[in-house]
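Undergrad: How does the following fold in three dimensions:
(2 chains)
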Amino acid sequence: MRINVKTMFLLAGLLCAPYAAQAEETQWGWLGSFTRQKEVNPVNNKVYQEECGSCHFAYQPGLLPSQSWEKLLNDKALADHFGDNAELDADTLKEVRAFALENAADKSYYKRARKIAKSTEGGEAPLRITEVRYIKRKHNEIPEKMIKGNKDVKSLSYCDACHTKAKDGMYDEDAVRIPNYPDWDD
Amino acid sequence: MKKMVVLGCALGMFLSTAVFASPESGALLQKYQAAGAGKADPEKGKLDWTRVVVVDGEKMSCATCHTSDFSKDGKHHVTGKAIGPMSARVNQERYTSMKKMEKWFKRNCMDTWGRECTAQEKTDFLIFMLTQ
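TA: As a prediction, this is how the structure comes out:
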């Protein structure tokens, strides 16, 4: 009888452990996605990641409003994409464009994307993220020598040079490191 | 019949050197043959690789982004993003998708030479690249 009770506990332990672990994971998963929703939606489309991540890191669609993506993502614009030929075949363009439009700043419920949407309301839709007022304002205290004059950055366009989690859509100031200027903040 | 012989020559060249070919690169070479390319000339491909052309006031060649050392990373000349090694010996993902090869031949020829490359030029490039 006693052994049976012990065995039962043991069995219960074995059986419950995976469930407990799973519950914990879900809990953390929820927490994780909660913090992420403060940022911009990460790129979770393979085609977009591949096609738009080969010449620079793949900018999250939440960094620009849909009007901007409409201007950027068509045959004519891609044939001369900031001086480069970035043409796509019709099917690929359709998918990339749909992903960008569905996750654009004005369609996103992520907090930072909302702020970008707000700061681009009215007026001409920008072609660059670096022309978005909110983004400009966040960087106006960084001296030029740390950006243009910095061989490991070159331009504000390369978010991932300084934002160590830019690829995950995280631009929090806690994850910033300007190459060659470790103490810029002091 | 003539085409078959030409193709035979191209493939003969292909097999006699250490070539890191994939079925996809073979199929692409066949497509260029069908489009009128003649015998493959890796020496011509090699010369073209470093040939400098001025496009929009900027000196460009394939080596501008890919370097001439196929075993090392290249770097996009504007964005600075690393581009994986071009040698299939070092980088096994190279030349495994016809679609990818065609897409980049088109873009890179436009950016480097200001025009699309001909089937012959692409054949020479590809043979040269596959032997690196």
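Undergrad: rest of the way, CA atoms for contacts and neighbours
TA: Fine.
Undergrad: For chain B, which segments count as helices?
TA: For chain B, the helices defined by DSSP state H occupy B:2-16, B:23-34, B:42-50, B:62-66, B:98-113, B:119-130.
Undergrad: meant to ask about chain A
TA: Using DSSP H, the helices of chain A run over A:2-36, A:46-52, A:66-72, A:75-79, A:90-102, A:111-119, A:133-139, A:159-162.
Undergrad: Excluding its own residues, what touches the second one? List them.
TA: Here helix A:46-52 makes contact (Cα atoms under 8 Å, 6 or more residues apart in numbering or on different chains) with A:43, A:58-59, A:92, A:95-96, A:99.
Undergrad: 6 Å - rerun?
TA: A:58, A:96 (Cα atoms under 6 Å, 6 or more residues apart in numbering or on different chains).
Undergrad: Now that helix: average pLDDT?
TA: Helix A:46-52 shows a mean pLDDT of 97.
Undergrad: Only the C-alpha atoms, please, for that helix, written as PDB.
TA: Listed next in PDB are the C-alpha coordinates belonging to helix A:46-52 (Å, rounded to 0.1, in the frame of the first residue of the first chain):
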ATOM      1  CA  LYS A  46      11.100  34.300 -44.500                       C
ATOM      2  CA  VAL A  47      10.800  35.800 -47.900                       C
ATOM      3  CA  TYR A  48      11.000  39.400 -46.600                       C
ATOM      4  CA  GLN A  49      13.900  38.500 -44.300                       C
ATOM      5  CA  GLU A  50      15.800  36.900 -47.200                       C
ATOM      6  CA  GLU A  51      15.000  39.500 -49.900                       C
ATOM      7  CA  CYS A  52      15.300  42.600 -47.800                       C
END
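Undergrad: Average pLDDT for stretch A:144-154, rounded please.
TA: 94.
Undergrad: quick one: it near chain B?
TA: No: applying Cα under 6 Å from any Cα of the partner chain, one finds stretch A:144-154 out of contact with chain B, separated by at least 8.2 Å.
Undergrad: Pull the residues that contact that stretch.
TA: With contact meaning Cα under 6 Å, 6+ apart, stretch A:144-154 is reached by A:155, A:161.
Undergrad: low-confidence ranges in the chain?
TA: Picking chain A for this. For chain A, the stretches with pLDDT under 70 are A:1-36, A:186.
Undergrad: that's the wrong chain, I meant chain B
TA: B:1-20.
Undergrad: ok so, going back, which of the helices of chain B sits closest to chain A?
TA: Nearest to chain A, of all the helices of chain B, is helix B:98-113, at 5.2 Å by Cα to the nearest Cα.
Undergrad: Neighbours of A:Asp172, how many?
TA: 14 (other Cα atoms under 10 Å in any protein chain shown).
Undergrad: which ones are touching it?
TA: Taking Cα under 6 Å, 6+ apart, we find A:Asp172 in contact with no residue.
Undergrad: just the helices of chain B: most buried one?
TA: Across the helices of chain B, the average number of neighbours (mean count of other Cα atoms under 10 Å in any protein chain shown) peaks for helix B:119-130, which reaches a mean of 23.
Undergrad: and the angle for it with helix B:98-113?
TA: When axes from the mean of the first three to the mean of the last three Cα atoms, to 10 degrees is applied, the directions of helix B:119-130 and helix B:98-113 differ by 110 degrees.
Undergrad: Tell me which other helices or strands helix B:119-130 touches.
TA: helix B:42-50 (3 or more Cα pairs under 6 Å, 6 or more residues apart in numbering or on different chains; DSSP states H and E).
Undergrad: Outside of stretch A:106-119 itself, which residues are in contact with it?
TA: Residues contacting stretch A:106-119 (Cα under 6 Å, 6+ apart): A:37-40, A:62, A:65, A:105, A:134.
Undergrad: wait, which of those residues is closest to chain B?
TA: Nearest member of the contacts of stretch A:106-119 to chain B, counting by Cα to the nearest Cα, is A:Gly62, at 20.8 Å.
Undergrad: residues in chain B within reach of chain A, list them.
TA: For chain B, the residues in contact with chain A (Cα under 6 Å from any Cα) are B:81, B:107.
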